[in-house]
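K.L.:
any chance you can model this:
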Amino acid sequence: MSRKTALRIKILSNELNRKVAELLKEDGEPSSGIQMRVLNFIHWKNSSNEPVYQKDLEHEFDIRRSTASGILQRMEKRELIRRKSCDEDNRLKAIFLTPSGQHKVKENICKLEGFDKQLIQGISEEELALFFRVIDQLSENSKKMEIGKEGRRNA
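P.N.:
Next up is the predicted model:
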């Protein structure tokens, strides 16, 4: 029986991304879910006095360099972040939240916590633990796969 696992995950991902974008709308202007996740990541790292660089975002969110660059440019334009050249290497730019970015993080954390509570209504702790184990295994299996030129899986 074909369950189309990857397709079902993609559909759920799209659905959740749309809901999060709707939840995080500001004055009619949608904020992308990835921007908010990036803001939260920068906040978490900055609060631990750890510098954040674009390469950290690429690794953490498994996104391409061009995608990370576009996200950061939009966030900088909205004055949520600022970039500062490092003393050791001018090519590297550390990323920091602006006061506006810090406010946005706190606001969105509250909204997303409520969203998460609604999302898991009716699901037991045991079911959630199993769900996360399955998601982790799917991720590991995906990383081990090699797809050939014909689109077939190579062992």
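K.L.:
all strands for the protein, in order.
P.N.:
81-85, 93-97, 146-147, 153-154 (DSSP state E).
K.L.:
give me the mean pLDDT for the third one.
P.N.:
So the one you mean is strand 146-147. Averaging pLDDT along strand 146-147 yields 82.
K.L.:
that strand packs against which elements?
P.N.:
Packing contacts for strand 146-147, counted by 3 or more CB pairs under 8 Å, 6 or more residues apart in numbering; DSSP states H and E, involve strand 153-154. C-beta coordinates here come from the backbone N, C-alpha and C atoms, glycine included.
K.L.:
need the strands of the chain in JSON lines with distance to Ile11 and mean neighbour count, can you?
P.N.:
Shown next, in JSON lines, are the strands of the chain (distance: least, CB to CB, whole Å; neighbours: other CB atoms under 10 Å):
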{"stretch": "strand 81-85", "distance to Ile11": "31", "mean neighbour count": "15"}
{"stretch": "strand 93-97", "distance to Ile11": "32", "mean neighbour count": "20"}
{"stretch": "strand 146-147", "distance to Ile11": "21", "mean neighbour count": "8"}
{"stretch": "strand 153-154", "distance to Ile11": "22", "mean neighbour count": "8"}
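K.L.:
nearest to Ile63, out of those strands?
P.N.:
For Ile63, the closest of those is strand 93-97, at 14.4 Å, according to CB to CB.
K.L.:
look at Thr67 and say how many residues are nearby.
P.N.:
Residues lying near Thr67 (other CB atoms under 10 Å) number 14.
K.L.:
could you do Gln54 as well?
P.N.:
17.
K.L.:
how about Arg78?
P.N.:
Based on other CB under 10 Å, the number of other residues close to Arg78 is 16.
K.L.:
got it, and Val38?
P.N.:
23.
K.L.:
looking at this structure, which helix or strand is least sure?
P.N.:
Least confident element among the helices and strands of the chain, by mean pLDDT, DSSP states H and E: strand 153-154 (a mean of 58).
K.L.:
next one: Ile63 from Leu57, what distance?
P.N.:
7 Å (CB to CB, to the nearest Å).
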